[in-house]
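structure for the following, please:
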Amino acid sequence: MAKLILKVNYYKPGRSKSMGGYAKYIATRENVEKNEDKVLQLKSTESQQELIEKLLRDFPESIHSEEYQAYCSDGTRENASEYITRTLEDNIPQIIDSPTYADYIATRPRAERIGSHGLFSSGDEPIVLSKVSEELNEHAGNVWVFIASLKREDAERLGYDHASRWKDMIGSQVTKIASAMNIPPEHLKWYAAFHNEGHHPHVHIMVYSTDPREGFINEYGIEKIRSAMARDIFAQDLQSIYEDQTEIRQKLKEAANKLIREILSRAENCSYENETVEQKLILLAEKLKQTKGKKVYGYLNRNTKVFLRLKTAEKQPTFHLRIVGCIMSYSLTTPRTLPQQ
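Below you'll find the model as predicted:
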């Protein structure tokens, strides 16, 4: 099932580095990329296995990731590398400080580079990485880190396998991101880098306010950002779903019209007198006149629904149940003159 995964973490001002045991892997990440395909299919190395054991102790929630499941199914060097990289990047704010994080996401292997590094933001002016690092060093407020990732097949199908598409998407969502984070849009700053990882192409986004006192986000805000991004990314898929829904509604409307024509045709060709039924239909008509909105079964008030279900089923239940089904499907938005066959 196609979906966007969004993870959020943040840096507190003045926090010192922790969990330095992972620094060596991050610093030598490029070595993993230089291996040939045949070597990557060999069994994971002892050092990879030791690092995975440490990751599982420090980040136990990582056992739910697709990368860990793939490693458990086939413990190759490639799958080990994918799991290690994914887990480290999801939790990297706990490992290195924010300026180092900016350097890492901008220069690591598989970061799509724009010039000498992969960092981008709004506008087309080149970004000077050293200035960004200095800016983050001097920032006295929180810095939030968003990691948005897609499955490889979804990224390629939707065109999110290169940095420019992510840049356009993030730029279009800045106002919504600012709102969800309680930051005035004119104060919000962001930098991002796209990593074209094998199983999960993803983008790292660093967000903060120029006013260090501003900025707050809860689970509701995170979901608002994820939903806004997902609607943008999966717009093509959603359009297809909307078209399918329109087609289904049209078919239901046509089926309801056909059923009503059959009922009216039968009524015209036979005589049926029942004063009780006549009075009940008159009463139902009066109730419907007093009902606001569409005269669709699902929108009727509870008393009218109960009246309709009980009274129409008293005699000839099969015939009347068909009428109830018709009323449930049929709306007064349908033209008063029934379509001609």
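
domains of this protein?
By the assignment in automatic domain parsing, the chain contains the domains 1-16+97-233, 18-93, 243-329.

other SSEs contacting the strand or helix carrying Leu259?
When elements are defined using DSSP states H and E, Leu259 is found to belong to helix 235-268. If you count contacts as 3 or more Cβ pairs under 8 Å, 6 or more residues apart in numbering; DSSP states H and E, helix 235-268 packs onto helix 317-329. Heads up, the C-betas are built off the backbone N, CA and C, glycines and all.

before we move on, what SS does Glu67 have?
In terms of secondary structure, Glu67 is helix; the call rests on DSSP: H, G, I helix; E, B strand; the rest coil.

ugh, wrong one, Phe146
At Phe146 the chain is in strand, as set by three-state DSSP.

hang on, isn't it packed against Ile225?
Yes - contact status for Phe146 versus Ile225: in contact at 7.3 Å, counting by Cβ atoms under 8 Å.

find residues that contact each of these two.
With Cβ atoms under 8 Å, 6 or more residues apart in numbering applied, the overlap between the contact sets of Phe146 and Ile225 consists of Leu6.

pull out the buried residues from the helix holding Leu259.
Using 16 or more other Cβ atoms under 10 Å as the burial criterion, the residues of helix 235-268 that qualify are Lys253, Ala256, Asn257, Leu259, Ile260.

between those residues, which is closest to Gly221?
Taking Cβ to Cβ as the measure, Gly221 sits nearest to Lys253 out of the buried residues of helix 235-268, at 39.7 Å.

for Trp144, see how far away the closest one is.
Between Lys253 and Trp144 the computed distance is 48 Å (Cβ to Cβ, to the nearest Å).

pull out the buried positions in stretch 194-202.
Counting neighbours by 16+ other Cβ under 10 Å, one finds that the buried residues in stretch 194-202 are Phe194, His195, Asn196, Glu197, His199, His200, Pro201, His202.

who touches that stretch?
Contacts for stretch 194-202 (Cβ under 8 Å, 6+ apart): 5, 66-67, 70, 78, 82, 85-86, 89, 105, 108, 110-112, 118, 120, 147-152, 155, 160-163, 166, 203-204.

leaving out the residues flanking it, which one is nearest to Leu188?
Spatial nearest neighbour of Leu188, chain neighbours left out: Ala178 (4.5 Å); criterion: Cβ to Cβ, 6 or more residues apart in numbering.

ditto for Lys43
Leaving aside its chain neighbours, Lys43 sits nearest to Gly75 (6.2 Å; criterion: Cβ to Cβ, 6+ apart).

residues in contact with the residue nearest the centre of the chain?
The chain has Ala230 as the residue nearest its centroid, 3.9 Å off, counting by Cα atoms, centre = their mean. Residues near Ala230 by Cβ under 8 Å, 6+ apart: Lys3, Leu4.
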